[in-house]
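Enquirer: I need the structure of the sequence given here:
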Amino acid sequence: MTTRRAVLAGAAALALLPGRDRAEGATVRTALDAVEAKLGDPQQALALLDRIDPRGLTVSQQLDLGTARAGLRADLAIMAARPLTPALLLRRKVGDGIDPAAATRRLETERRRCAARADRLFARLGVRGTDTGARFSALWHDPRYQFADSAAALADMNQWLARFRAALPTLIGQVPLYCLNVRASAPTSADLASGHLGYRTLPTPTTAGGYVPDFARLADRPSFSLPSVVAHELLPGHMIQMPLEAAADPHPLRLRYTPGFGEGWGIYAERLVADAGFYALNPAAELGYLHWRLFRIGRALLDLAIHGDGLSLTQARARLVAWHGEPAYFAPFDADLARIQKDPMTRAAEMLSALSIEDGALGRTGQRLARYHHMLLANGRMRSDELVRRAAALT
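Expert: Residues are numbered from 1 along each chain as shown. I've put the predicted structure just below:
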């Protein structure tokens, strides 16, 4: 959680800032390292970074520098704020110029759109209920969508992965071949003994990568819920974005001030697959995608409502039950709401980052869309306002 105290912490380390001559001769990375070590005084940290001329820097260095400057300016505003508001936290975690009220309206519009689409699909399948959440619950417990065992679930994930992998040139554009060297894998005996499940291993030019799903409660993972997991965790999701970001090596300050981008890309990847028509003949799989999307939209809406409007956790829980019925596998309602209460605007940042990426893709097809994806991925994450500026400059 970002608080005024957290921003102020560490001011005593200010004496370690390099002097003017040393700062002017330092590399961008060295200067950013120095700033990272003493975030307690954003004003002096900004003064240090303002001495760096961005001309001649690589794109990744420009993003490091610009993101650090924007984040530090947000920290300055947070230090002066009485009280600390959602708008300030969104400025810090997503980008400049975000109005929480407008964001709430946008999210609610998208929630209604997804719910209406889900209800049409439920009607096609003959699934009834008092609201969208009740219909999802009915589908969740339909034995037709249960796996016999975890091996069957894993095989199903890898079948979907093969389909998405084959379509990547159209979905994303060209990506390094090593990003394709991934699969969903069974846990090792050590994983099972330690309970270490639901984790990723990133591919490199010399090693394979993948995702080890958590099937400890297999009944809670109906078959229709897994295609979007594949899109999010594997391809075209994190197994492209995260290895390329690792290669770009963004400074930790860029990661600090863009926490929602990585998850935003995963959410975008889910929609990219759905919009491409992969579920056109499989309404249950499309419902699985819509459940994941409603889960993430709901998180964002409640993050804004709890911290901006004083919505109680009891009221928030009732909305989740009505909106999507069943919790995401890793996020039981009560535990997830407790996290949202403790860490304001993190879940909103994730979904708003996804919407920012989706907005930039609107109207782009073919090579124009591929160039947009390259801009997003080649040099690591960026803030939403930076994304808008760079997207507008693309041909």
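Enquirer: okay, residue 52: pLDDT?
Expert: According to the prediction, residue 52 has pLDDT 89.
Enquirer: can you confirm it is in a strand?
Expert: No: assessed with DSSP: H, G, I helix; E, B strand; the rest coil, residue 52 is coil; it does not lie in a strand.
Enquirer: so how many other residues sit close to it?
Expert: The number of residues packed near residue 52 is 19, by other C-beta atoms under 10 Å. For glycine as for every other residue, the C-beta is placed from the backbone atoms N, C-alpha and C.
Enquirer: what's the answer for residue 258, then?
Expert: Residue 258, neighbours per other C-beta under 10 Å, totals 27.
Enquirer: did I read that right, it in a strand?
Expert: No: judged by three-state DSSP, residue 258 forms no part of a strand; its state is coil.
Enquirer: For residue 182, grab phi and psi.
Expert: With angles defined as degrees, to the nearest 10, residue 182 sits at phi -140, psi 160.
Enquirer: same deal with the one 4 residues further on?
Expert: Main-chain dihedrals, residue 186, degrees, to the nearest 10: phi -70, psi 150.
Enquirer: what's the least confident helix or strand in the chain, going by average pLDDT?
Expert: helix 20-25 (a mean of 35; mean pLDDT, DSSP states H and E).
Enquirer: Quick one: list the elements packing against whichever helix or strand comes after it.
Expert: Heading C-terminal from helix 20-25, the first helix or strand you meet, by DSSP states H and E, is helix 28-36. Packing contacts for helix 28-36, counted by 3 or more C-beta pairs under 8 Å, 6 or more residues apart in numbering; DSSP states H and E, involve helix 42-49, helix 59-80, helix 252-256.
Enquirer: Tabulate the ones you listed (CSV), appending distance to residue 329, mean pLDDT and mean neighbour count.
Expert: Conversion of the helices and strands packed on helix 28-36 to CSV gives the following (distance: least, C-beta to C-beta, whole Å; pLDDT from 0 to 100; neighbours: other C-beta atoms under 10 Å):
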stretch, distance to residue 329, mean pLDDT, mean neighbour count
helix 42-49, 39, 92, 19
helix 59-80, 32, 96, 20
helix 252-256, 26, 97, 19
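Enquirer: between those helices, which one is nearest to residue 186?
Expert: Closest to residue 186 of the helices and strands packed on helix 28-36, according to C-beta to C-beta: helix 252-256, at 30.8 Å.
Enquirer: Any stretches of the stretch 1-150 of the chain with poor pLDDT?
Expert: Scanning the stretch 1-150 of the chain with the threshold set as pLDDT under 70 gives 1-26.
Enquirer: Disregarding residues adjacent in the polypeptide, which is nearest to the residue nearest in space to the middle of the chain?
Expert: By C-alpha atoms, centre = their mean, the chain has its centre lying nearest to residue 263, at 1.4 Å. Counting by C-beta to C-beta, 6 or more residues apart in numbering, residue 263 lies nearest to residue 350, which is 4.1 Å off, once chain neighbours are set aside.
Enquirer: How many residues are close by the one you found?
Expert: Count around residue 350 with other C-beta under 10 Å applied: 23.
Enquirer: And it, which helix or strand is it part of?
Expert: Assigned by DSSP H and E, residue 350 belongs to helix 346-361.
Enquirer: Buried residues, that helix. List them.
Expert: By neighbour count on 16 or more other C-beta atoms under 10 Å, the buried set for helix 346-361 is 346-358, 360-361.
Enquirer: Check which helices and strands that helix sits against.
Expert: Counting contacts by 3+ C-beta pairs under 8 Å, 6+ apart, helix 346-361 packs against helix 86-93, helix 100-125, helix 261-275, helix 283-309, helix 366-377, helix 384-393.
Enquirer: can I get the CA coordinates of that helix in PDB?
Expert: Only the C-alpha atoms of helix 346-361 are listed here, as PDB (Å, rounded to 0.1, in the frame of the first residue of the first chain):
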ATOM      1  CA  THR A 346      -3.700  -1.900  -7.400                       C
ATOM      2  CA  ARG A 347      -6.500  -3.900  -8.900                       C
ATOM      3  CA  ALA A 348      -7.900  -0.800 -10.500                       C
ATOM      4  CA  ALA A 349      -4.500  -0.100 -12.000                       C
ATOM      5  CA  GLU A 350      -4.400  -3.600 -13.600                       C
ATOM      6  CA  MET A 351      -7.700  -3.300 -15.400                       C
ATOM      7  CA  LEU A 352      -7.200   0.300 -16.400                       C
ATOM      8  CA  SER A 353      -3.800  -0.600 -17.800                       C
ATOM      9  CA  ALA A 354      -5.600  -3.300 -19.900                       C
ATOM     10  CA  LEU A 355      -8.200  -0.800 -21.100                       C
ATOM     11  CA  SER A 356      -5.400   1.600 -22.100                       C
ATOM     12  CA  ILE A 357      -3.700  -1.100 -24.100                       C
ATOM     13  CA  GLU A 358      -7.000  -2.100 -25.700                       C
ATOM     14  CA  ASP A 359      -7.800   1.500 -26.600                       C
ATOM     15  CA  GLY A 360      -4.400   1.800 -28.400                       C
ATOM     16  CA  ALA A 361      -5.200  -1.200 -30.500                       C
END
